[in-house]
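**Student:** need a 3D model of the following:
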Amino acid sequence: MCGIAGIYGLESVDQPIEVVESMVSAMQHRGPDSSGIYQGDNVVLGHARLSIIDLDAKANQPFTSLDGRYTIVFNGEIYNYQSLRSQLPEYDFVTNSDTEVLLAALIKWGMPALQKANGMFAFALYDRAEQKLWLARDRMGIKPLYVHINQSTISFASEIRSLLKSGLVPRKLNRSVLQEYLQYQCVHDPETLIENVHMVEAGTYYEVSDTGIGIVEYWKPWQNPHFDQDPIRIKKNVRDLLASSIDRRLVSDVPIGAFLSGGIDSSMLVGIASERLGKRIDTFNVSFKEEEFSEAAFARRVADRYKTNHHEISLDTKEFMVDLPEAVRSIDHPSGDGPNSWIVSRETKRQGITVALSGLGGDEVFGGYDVFKRIPQIADQAWSLSFPKFLRRVVGGVAKYKYPGIRGRKLDEIITADYFDLETLYPIFRKVLLRSEVKSLIGHELTTNAVRQKILRLEEFHGFSDLPTLSRISIAEFDTYMRNVLLRDADQMSMAQALEIRVPFLDHELVEYCMHISDQVKFPHTPKKLLIDSYPEILPDEVVNREKMGFVLPWEIWMKNDLSEFCQEGLNYLCDTNCMSSSGIQNLWNRFKAGDKSITWSRVWPLVVLGQWLKINEIEA
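**Tutor:** Residues are numbered from 1 along each chain as shown. Alright, predicted model coming up:
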């Protein structure tokens, strides 16, 4: 796991080598083991390395082919690199690294080599002969890649702060996406909070030359369909695919551990990995004195069952208050999450672990969220749309009265909607702030709904609309919350500690298979039923049947007490930028402190983070 950076089109760039060196230096935390620079005729590539596969210095990057034509900088892992290497007998390998295998595969097959690769990655490949550059991102968007284009110059990096360090990118807030950030606690790729900085989208690559930039989407989650709907065979195939995914992610030349929350997904991975390895693995759990937030007892139960080397990190509030500013400084691009991952990553790294398995993705693939039940149930009530709208508004008002808070207001929005289709219902479920709050903060009516636009774009692709309902919800999750909150935060917070996180549930072969399983087989009548039924012997009953919590810090308590001053500081800075209504910000904060049930901590924290991030990175708003 590493950091990559570079510039293509050097005509207007003074001292390009020094510029890229600064970009690499800004993300040295991602790759503390070595760094390097390559200069070609029209390009400079930079790399910061965290050594995982083949620790020898010969595997350092930038890595150039023996004939000097091709050079690559690569961030990620190619899990099937040994299999790919066996298909390249004509190539004279000088290392045992997956980087060299990827380079050899790209030389032989071109960009279609991406269809053969199983992994998480972002890379830049330069062809010296044709003076072409390719920028690519993995299928699920696990690894980030940001780009800035200014006339004939394109700069890129694994982190936004690296681009900002180049001096080529104006530190200017992208105000056009503020309403999106407020609604959904994130900005969805390809957009970012920095003006004219974009992300390479998942499953996409750029082909850059002096004649322009071509953008190619090389993968969608529903490609490679299967038509096997026999429940017994499906469970066997899910079992085999998940086991294979875990096996691939246990290959490493450095110590591997696992996050263990005590929930279904992380517990499942620990159980399977322990059995596959046949030895004790290190597991990590963060616990709290506030018992209602602690999952420690469940994690302990799983750790005892599989005899892991279990590390339970008891989080002290005072210690966390001291560390929180550092965690916030590690945020490369704001969202409503992050410090959670920073804490567990830090403690894992402190124990000498460089690679950790995470259960991220299990909910999205196997229907672990409430939305997987609620949307099909609501869609079955489409007959209610025949009632006059004024009557449905009355019913919606009753819902708001019965359920004071965000639940009642979302129910009202659903009841009064024009349609009960995916593009209408899903964006409502994923909202953090509703229309009235967002309007009070930005001072005008909302112009777009980014999540709705994401789903409408998906529907333009052949085959998406033919998928089962649960699979279409899964893909909506992939494209929105998972990739732009969970994966982005997992990457930036773990790499702040030079820790690599691997996510077996997001293996593309497993994802492709699960997207074509019928709703009848996959419906979560009990939590993630298909996953549990595929591995019935792995988990204790108390883990399977427990109430879902997720890894959530006791923010509500902290923000009203020990964290109050830190929060006020971030909000004050945001007010001073005048990018939002100061009175709207203060009103939201006051309502939260007063206990307004519709303004929970997760509605306020993204504003705190945004204010702190603008201040730390000196962004002009």
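**Student:** which elements pack onto the helix or strand hosting C567?
**Tutor:** Using DSSP states H and E, the element containing C567 is helix 564-577. Applying 3 or more Cβ pairs under 8 Å, 6 or more residues apart in numbering; DSSP states H and E, we find helix 564-577 packed against helix 317-329, helix 582-593, helix 601-616. C-betas here are computed from N, CA, C, even on glycine.
**Student:** list the buried residues for the top helix by length along the chain?
**Tutor:** In the chain, assigned by DSSP state H, the helix with the most residues is helix 231-248. Across helix 231-248, burial judged by 16 or more other Cβ atoms under 10 Å covers I234, K235, N237, V238, R239, L241, L242, A243, S244, S245, I246, R248.
**Student:** now flag whichever of those is closest to D189.
**Tutor:** Nearest to D189 among those is S245, at 23.9 Å by Cβ to Cβ.
**Student:** how about the contacts made by that closest one?
**Tutor:** By Cβ atoms under 8 Å, 6 or more residues apart in numbering, S245 lies in contact with P504, F505, D507, E509, L510.
**Student:** now tell me what touches the helix holding C567 from outside.
**Tutor:** With Cβ under 8 Å, 6+ apart, helix 564-577 has contacts from 173, 321, 324-325, 559, 580, 582, 585-586, 589, 593, 604-605, 607-612, 614-615, 621.
**Student:** which elements pack onto the helix or strand where A490 lies?
**Tutor:** For A490, the element it lies in under DSSP H and E is helix 488-495. When contacts are defined as 3+ Cβ pairs under 8 Å, 6+ apart, helix 488-495 sits against helix 339-350, strand 500-502.
**Student:** next up, the contacts around the spatially closest residue to Y91 that is not a sequence neighbour.
**Tutor:** Of all residues not flanking Y91 in the chain, A104 sits nearest, at 4.3 Å (Cβ to Cβ, 6 or more residues apart in numbering). Contact partners of A104, counting by Cβ under 8 Å, 6+ apart, are S65, R85, L88, Y91, F93.
**Student:** what's around the fourth one, how many residues?
**Tutor:** Right, Y91. Counted with other Cβ atoms under 10 Å, residues neighbouring Y91 total 17.
**Student:** go on, the second one?
**Tutor:** The local packing of R85 (other Cβ under 10 Å) involves 18 other residues.
**Student:** am I right that it is in a helix?
**Tutor:** Yes. Assessed by DSSP: H, G, I helix; E, B strand; the rest coil, R85 belongs to a helix.
**Student:** contacting residues for it?
**Tutor:** R85 neighbours (Cβ under 8 Å, 6+ apart): F93, V101, A104.
**Student:** try it again with 6 Å
**Tutor:** With contact set as Cβ atoms under 6 Å, 6 or more residues apart in numbering, R85 has these partners: V101.
**Student:** same question for R161.
**Tutor:** A26, D332 are the contacts of R161 under Cβ under 6 Å, 6+ apart.
**Student:** check the gap between it and E77 for me.
**Tutor:** 23 Å (Cβ to Cβ, to the nearest Å).
**Student:** same check, this time on D210
**Tutor:** 32 Å.
**Student:** those two: who's more crowded?
**Tutor:** Using other Cβ under 10 Å, the more surrounded residue of D210 and E77 is E77, with 27 against 12.
**Student:** report pLDDT for that one.
**Tutor:** pLDDT, E77: 95.
**Student:** host element of it?
**Tutor:** Taking DSSP H and E as the criterion, E77 maps to strand 70-78.
**Student:** list the contacts of that strand.
**Tutor:** Against strand 70-78 from outside (Cβ under 6 Å, 6+ apart): 2, 4, 38, 45, 47, 61-64, 98-99, 102-103, 107, 117, 119-127, 143, 158.
**Student:** in strands only, show me those.
**Tutor:** 2, 4, 38, 45, 47, 63-64, 119-127 (DSSP state E).
**Student:** out of those, which is most surrounded?
**Tutor:** I4 (33 neighbours).
**Student:** show me the domain layout of this structure.
**Tutor:** Here the domain parsing of the chain from automatic domain parsing is 2-217, 231-366+476-544, 371-474, 555-616.
**Student:** could you dump these to a markdown table with distance to N224?
**Tutor:** Converted to a markdown table, the domains of the chain look like this (distance: least, Cβ to Cβ, whole Å):
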| stretch | distance to N224 |
| --- | --- |
| domain 2-217 | 10 |
| domain 231-366+476-544 | 5 |
| domain 371-474 | 11 |
| domain 555-616 | 37 |
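**Student:** and of the ones you listed, who's closest to Q223?
**Tutor:** The minimum distance between Q223 and these falls on domain 231-366+476-544, with 6.5 Å, by Cβ to Cβ.
**Student:** give the rounded mean pLDDT of the closest one.
**Tutor:** For domain 231-366+476-544, mean pLDDT rounds to 91.
**Student:** ok, stretch 124-140 next?
**Tutor:** According to the model, stretch 124-140 has a mean pLDDT of 97.
**Student:** using CSV, write out the CA atom coordinates for it.
**Tutor:** Below are the C-alpha coordinates for stretch 124-140, written out as CSV (Å, rounded to 0.1, in the frame of the first residue of the first chain):
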residue,chain,number,x,y,z
ALA,A,124,-0.3,5.5,-13.3
LEU,A,125,1.5,3.8,-16.3
TYR,A,126,3.7,5.8,-18.7
ASP,A,127,4.7,4.7,-22.2
ARG,A,128,7.9,6.6,-23.1
ALA,A,129,7.7,5.6,-26.7
GLU,A,130,4.2,7.0,-27.3
GLN,A,131,4.4,9.6,-24.5
LYS,A,132,1.0,8.3,-23.2
LEU,A,133,-0.1,8.1,-19.6
TRP,A,134,-2.8,5.8,-18.2
LEU,A,135,-4.5,6.5,-14.8
ALA,A,136,-6.6,3.6,-13.5
ARG,A,137,-8.7,2.8,-10.4
ASP,A,138,-9.9,-0.6,-9.2
ARG,A,139,-13.4,-1.9,-9.8
MET,A,140,-14.9,-1.1,-6.4
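**Student:** in it, which residues are buried?
**Tutor:** Those would be 124-128, 132-140, for stretch 124-140 by 16+ other Cβ under 10 Å.
**Student:** roughly how far is it from the heart of the chain?
**Tutor:** Here the centre of mass of C-alpha atoms in stretch 124-140, compared against the chain's by Cα atoms, centre = their mean, to the nearest Å, lies 23 Å away.
**Student:** kindly check the end-to-end length of stretch 41-58 for me.
**Tutor:** For stretch 41-58, the separation between the terminal residues is 24 Å (Cα to Cα, to the nearest Å).
**Student:** can you tell me what sits against it?
**Tutor:** 1-8, 10, 16-17, 20, 23-24, 27-28, 30-31, 33-38, 60-62, 73, 95-98, 124, 126, 131, 252-254, 498.
**Student:** which parts of it are buried?
**Tutor:** 42-54.
**Student:** dump those to TSV, plus pLDDT and distance to W222.
**Tutor:** TSV is the format used below for these (pLDDT from 0 to 100; distance: Cβ to Cβ, whole Å):
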residue	pLDDT	distance to W222
N42	93	38
V43	97	35
V44	98	39
L45	98	34
G46	98	36
H47	97	34
A48	95	35
R49	92	35
L50	84	33
S51	85	36
I52	85	31
I53	83	31
D54	72	35
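**Student:** share the number of residues neighbouring P388, please.
**Tutor:** Count around P388 with other Cβ under 10 Å applied: 8.
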